[in-house]
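**Q** sequence and predicted structure, then a few things I'm wondering about:
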Amino acid sequence: MLTTFRRFAAKIREINQRYSKPHIKMSPAVKISLLSLRIYLFVLVVGLILYKFVLMLS
């Protein structure tokens, strides 16, 4: 079982290493759009967590 887990972990590391650098050229507008989407999703998740926390307190 331990060898299966090690093989699985090695396969995941291999995939992560293969796709660590993007292969597609992106324009500055696309980079800005993706960054804004990432920030929006982060703020949305944090906001939902805080909202749930406030509801639990009251």
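**A** Okay, I see it.
**Q** and residue 41, what is it in contact with?
**A** With contacts defined as C-beta atoms under 8 Å, 6 or more residues apart in numbering, residue 41 has no neighbours. For every residue, glycine as well, the C-beta is placed using N, CA and C.
**Q** quick check: it vs residue 47, distance?
**A** Look at residue 41 and residue 47: by C-beta to C-beta, to the nearest Å, they are 11 Å apart.
**Q** what's the helix or strand for the residue nearest to the spatial centre of the chain?
**A** Nearest to the mean C-alpha position of the chain, counting by C-alpha atoms, centre = their mean, stands residue 38 at 8.7 Å. Using DSSP states H and E, residue 38 sits in helix 28-57.
**Q** could I get the buried residue list for that helix?
**A** Neighbour counts over helix 28-57 (16 or more other C-beta atoms under 10 Å) mark no residue as buried.
**Q** report the mean per-residue pLDDT for that helix.
**A** Averaging pLDDT along helix 28-57 yields 97.
**Q** for it, the distance to its chain's centre please.
**A** 12 Å (C-alpha atoms, centre = their mean, to the nearest Å).
**Q** do stretch 3-14 as well
**A** In terms of C-alpha atoms, centre = their mean, the centre of stretch 3-14 is found 20 Å from the chain centre.
**Q** CA atoms only: put that stretch into PDB for me.
**A** Presented in PDB, the C-alpha positions along stretch 3-14 are these (Å, rounded to 0.1, in the frame of the first residue of the first chain):
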ATOM      1  CA  THR A   3       4.400   1.800  -2.700                       C
ATOM      2  CA  THR A   4       1.000   2.600  -4.300                       C
ATOM      3  CA  PHE A   5       0.900   5.900  -2.400                       C
ATOM      4  CA  ARG A   6       4.400   6.700  -3.300                       C
ATOM      5  CA  ARG A   7       3.800   6.000  -7.000                       C
ATOM      6  CA  PHE A   8       0.600   8.100  -6.900                       C
ATOM      7  CA  ALA A   9       2.500  11.000  -5.300                       C
ATOM      8  CA  ALA A  10       5.300  10.700  -7.800                       C
ATOM      9  CA  LYS A  11       2.800  10.800 -10.700                       C
ATOM     10  CA  ILE A  12       1.200  14.000  -9.200                       C
ATOM     11  CA  ARG A  13       4.700  15.600  -8.800                       C
ATOM     12  CA  GLU A  14       5.500  14.700 -12.500                       C
END
